[in-house]
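Undergrad: Have a look; sequence and predicted model below, questions after that.
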Amino acid sequence: MIEIQNLNKTFNPGTVNEVKALCDINCTIEEGSFVVLLGTNGSGKSTLLNAVAGNFLPDSGKIMLDTIDITRMPEHKRAKYIGRVFQNPFSGTAPDMSIAENITLAAKRGMHRSLGWALPKTAIEEFREKVRPLNMGLEDRLDSAIGKLSGGQRQALTLLMATWLKPKLLLLDEHTAALDPKTANKVIQLTKEVVEKEKLTTMMVTHSMQQAVNLGDRILMLHNGRIVFEFNGQEKHRLKSNDLLALFDQIRRKDQIDAATADMIGQLYI
Amino acid sequence: MSLLIGAVTIGLILALLALGIFISFRIFNFADITAEGSLTLGASISASMIVAGFNPLLATLVALAGGFIAGALTGIIHTKFEINGLLSGILVMTALYSINLHVMGKSNVPLMSESTVITYFEDLAKWLMPGTETMSLFGNSIPAKDIIILASVFVIVSIFGVILYVFFKSNFGTAMRATGNNQQMIRAQGVNTKSMIILGLAVSNALIALSGAVLAQFQGFADVQMGIGMLVWGLASVIIGEALISDKSLGFLITGAIFGSVIFRLLVAVALRIGMNPNDLKLITALFVFIALVLPKILKKNKMKSMEIK
């Protein structure tokens, strides 16, 4: 379970580039829940995910993972509890190292790393068996450098690596955005399978209404650093992608009116 | 011939430098110029201690520890204070210049009449081949002790090469390599990348200081200027090694760095022999590294062009 309380983050405070990225975010995500984060560009959905992952420390607020307060914990210490797949397929793997080496790094996520041999023969067999279900022929290429693989293959591997040790929380940051539709579907399929099988608590950022509708049991919609809409349970199941698009339109119109009103007031009084 | 044996020996001693540069340049992807200071640091610590009457082996180990600390400092300045890696190296290198002068008390410490690690090797030669003063190699007569010194240095360098290989193939070492390859990735796997960089640079400079310590004892003096140009020298060795061996796996890269250093030293010895002005040495080394860094890019571009035409 993850609890986010009054989370705030402002980037570049006191400058012209000041951005209130997160404003008083409050939410509780139950154990085993799969939450989809939606929002326009700059709405703060990726920022929220990065705050939970520890890429930066929040200005105020609290993040609890089960009973552990991770608010001030550095990124590499949180990694013990958190599995991540990034938007950029290059981010989640070490390109010059082999598939097997990458997996062995993930198989020890957050654990003590000894001076023992990283790739004993027995481990390779285990890796092969766990890579086979991806159906990408990677089980015969464990010695190849990851840099030689396609984006889809990398994302599938990153997903496998993120869930190799069961994480308390799985963070997916638009992990199919850089892939072609067919590959994206495959990665989404794999995501669904692993989340259901392991009953993982998951937060996923996406731009795809289709994914938002089809996946997960809860939708949070963010705008200007706040959670503006939320759909749970039955309500979420009845939701169609058109409904979500309508909501986006609504947000956008509200924004335009605000800007227009501001203009009008400006003309009237100055 | 004796000249060649000497060149190969120095090449092997500098192979330790090449291994150190291999760690900073190829594992962590940045040219750590601390090397120029830590090589001299190793030389000055060992020379001063030997002159002061300490055991040469102990002096060499303290030199290694000194390099370790110097490298760790660069790492700390780079990671904890978030200063650019090259600048961190320059700061430590500059500071080391004064420190080296303090350690030695002057700019040059001769070791000609002292008992050094090299003396141990000479004793070994006497013990292995009592009474043999010279040996015949390809029809040339060479002092037997030179051969034994060469062999001993080779064994030591090989041991360090194997240790590095085993280290970088371990769970810990694999994480260190990943730190150089993709920091975001390895942080997400729970590794403290800052500590990894600090430790990696420490190990790198420990090897470089060791190289300096052995070099000083072999050539019979430590000099405050001896580190100048050594980073580029090490880069040249690593690059030659990579060019010679097309296999890019770790074991071959380490072997390549060692033999690259020997070959580079041989090339220099031959060039000097046939009349190259020694003053041009650093210029030519720098040019060589420049070409070696640029050539692959040009070749790749040409390849792309020819593919486009097809």
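TA: Structure received. Numbers count the residues shown, from 1 in each chain, chains lettered A, B, ... in the order given.

Undergrad: Low-confidence ranges, the stretch 151-270 of chain A, go.
TA: Counting by pLDDT under 70, the ranges of the stretch 151-270 of chain A that qualify are A:258-260, A:262, A:265-266, A:269-270.

Undergrad: Same check on chain B?
TA: Checking chain B against pLDDT under 70 turns up B:1, B:307-310.

Undergrad: please redo it, this time with the cut-off set to 80
TA: B:1-3, B:129-141, B:246-248, B:292, B:296-297, B:300, B:303-310 (pLDDT under 80).

Undergrad: Check the offset of the longest helix belonging to it from the chain's centre.
TA: What stands out as the longest helix in chain B, according to DSSP state H, is helix B:281-309. Relative to the chain's own centre, helix B:281-309 is displaced by 24 Å; criterion: Cα atoms, centre = their mean, to the nearest Å.

Undergrad: Show me what that helix is packed against.
TA: For helix B:281-309, the packing partners by 3 or more Cβ pairs under 8 Å, 6 or more residues apart in numbering or on different chains; DSSP states H and E come out as helix B:230-244, helix B:250-273. For glycine as for every other residue, the C-beta is placed from the backbone atoms N, C-alpha and C.

Undergrad: How is the most centrally placed residue in chain A assigned, secondary-structure-wise?
TA: Nearest to the mean C-alpha position of chain A, by Cα atoms, centre = their mean, lies residue A:172 at 2.5 Å. Assigned by DSSP: H, G, I helix; E, B strand; the rest coil, the conformation of residue A:172 is strand.

Undergrad: tally of neighbours for the residue nearest to it when sequence neighbours are not counted?
TA: Of all residues not flanking residue A:172 in the chain, residue A:204 sits nearest, at 4.1 Å (Cβ to Cβ, 6 or more residues apart in numbering or on different chains). Neighbour count for residue A:204, taken as other Cβ atoms under 10 Å in any protein chain shown: 26.

Undergrad: What's the first helix or strand after the helix or strand containing residue A:204?
TA: Take DSSP states H and E as the rule and residue A:204 turns out to sit in strand A:202-205. On the C-terminal side of strand A:202-205, the closest following helix or strand by DSSP H and E is helix A:209-214.

Undergrad: Tell me which helix or strand comes right after that next one.
TA: strand A:218-223.

Undergrad: ok, and what's touching that next one?
TA: Contacts with strand A:218-223, where a contact means Cβ atoms under 8 Å, 6 or more residues apart in numbering or on different chains, come from A:27, A:29, A:33-40, A:43-45, A:48, A:212, A:227-233, A:236, A:239, A:244, A:247, A:251.

Undergrad: swap in stretch A:179-197?
TA: A:34, A:89, A:134, A:150-152, A:155-156, A:159-160, A:163, A:170, A:172, A:175-176, A:200, A:202, A:204, A:208, A:211, A:214-215.

Undergrad: Which among those residues count as buried?
TA: Among these, those classed as buried by neighbour count (16 or more other Cβ atoms under 10 Å in any protein chain shown) are A:34, A:89, A:134, A:151-152, A:155-156, A:159-160, A:163, A:170, A:172, A:175-176, A:200, A:202, A:204, A:208, A:211, A:215.

Undergrad: OK, contacts around whichever residue of the stretch 51-200 of chain B sits closest to chain A?
TA: The minimum distance from the stretch 51-200 of chain B to chain A, using Cβ to the nearest Cβ, falls at residue B:190 (3.6 Å). By Cβ under 8 Å, 6+ apart, the contact set of residue B:190 is A:76-77, A:79-80, A:108-111.

Undergrad: From these, list the ones also adjacent to chain B.
TA: A:76-77, A:79-80, A:108-111 (Cβ under 8 Å from any Cβ of the partner chain).

Undergrad: so residue A:115, which of the three states?
TA: coil.

Undergrad: how many neighbours does the nearest residue to it once chain neighbours are set aside have?
TA: Spatial nearest neighbour of residue A:115, excluding adjacent residues (Cβ to Cβ, 6+ apart): residue B:170 at 4.5 Å. Residues lying near residue B:170 (other Cβ under 10 Å) number 18.

Undergrad: give me the beta-bridge partners of residue B:170?
TA: Taking DSSP bridges as the rule, residue B:170 bridges to residue A:117.

Undergrad: any idea how far it is from residue B:16?
TA: 21 Å (Cβ to Cβ, to the nearest Å).

Undergrad: just to revisit the earlier point, dump the residue contacts of the residue nearest to the centre of chain A.
TA: Listed by Cβ under 8 Å, 6+ apart, the contact set of residue A:172 reads A:84-85, A:191, A:202-206.

Undergrad: partner residues bridging it?
TA: Beta-bridge pairing for residue A:172 (DSSP bridges): residue A:85, residue A:204.

Undergrad: Around chain A, which positions in the stretch 1-150 of chain B sit nearby?
TA: Contact residues of the stretch 1-150 of chain B with respect to chain A, defined by Cβ under 8 Å from any Cβ, are absent.

Undergrad: All the helices of the stretch 1-150 of chain B, residue numbers only.
TA: Counting by DSSP state H, counting those that start in this stretch, the stretch 1-150 of chain B has helices at residues B:2-21, B:34-51, B:56-79, B:85-104, B:117-128, B:144-169.

Undergrad: Return the most buried member of those.
TA: The highest average neighbour count among these, using mean count of other Cβ atoms under 10 Å in any protein chain shown, belongs to helix B:34-51 at a mean of 30.

Undergrad: so residue B:222, which of the three states?
TA: The three-state label given to residue B:222 by three-state DSSP is strand.

Undergrad: Pull up the gap between it and residue A:231, please.
TA: Distance, residue B:222 to residue A:231, using Cβ to Cβ: 74 Å.

Undergrad: Mind checking which of the two has more residues around it?
TA: Legend: neighbour count by other Cβ under 10 Å for residue B:222 and residue A:231, higher for residue B:222 (31 against 23).

Undergrad: Tell me how far residue B:129 lies from residue B:149.
TA: Going from residue B:129 to residue B:149 by Cβ to Cβ gives 13 Å.

Undergrad: still on that earlier bit, are any of the contacts of strand A:218-223 buried, and if so which?
TA: By 16+ other Cβ under 10 Å, those give A:27, A:29, A:33-40, A:43-45, A:48, A:212, A:227-228, A:231, A:236, A:239, A:244, A:247, A:251 as buried.

Undergrad: Return the member of the contacts of residue A:172 nearest to chain B.
TA: Nearest to chain B among the contacts of residue A:172, with distances taken as Cβ to the nearest Cβ, is residue A:84, at 4.8 Å.

Undergrad: what's the distance between the closest one and residue A:112?
TA: 21 Å.

Undergrad: Looking at those two, which one has more neighbours?
TA: residue A:84 (31 against 8).

Undergrad: counting contacts, what elements does the helix ranked longest in chain A pack onto?
TA: Ordering each helix of chain A by length in residues (DSSP H) puts helix A:241-269 first. Judged by 3+ Cβ pairs under 8 Å, 6+ apart, the packing partners of helix A:241-269 are helix A:209-214, strand A:218-223.

Undergrad: Each with direction, which strands does the last one pair with?
TA: For strand A:218-223, the pairing partners within the sheet under DSSP bridges are strand A:34-39 (parallel), strand A:226-232 (antiparallel).

Undergrad: Tell me what angle that strand forms with helix A:241-269.
TA: 20 degrees (axes from the mean of the first three to the mean of the last three Cα atoms, to 10 degrees).

Undergrad: how far is strand A:218-223 from where the chain is centred?
TA: Distance, stretch centre to chain centre, for strand A:218-223: 13 Å (Cα atoms, centre = their mean).
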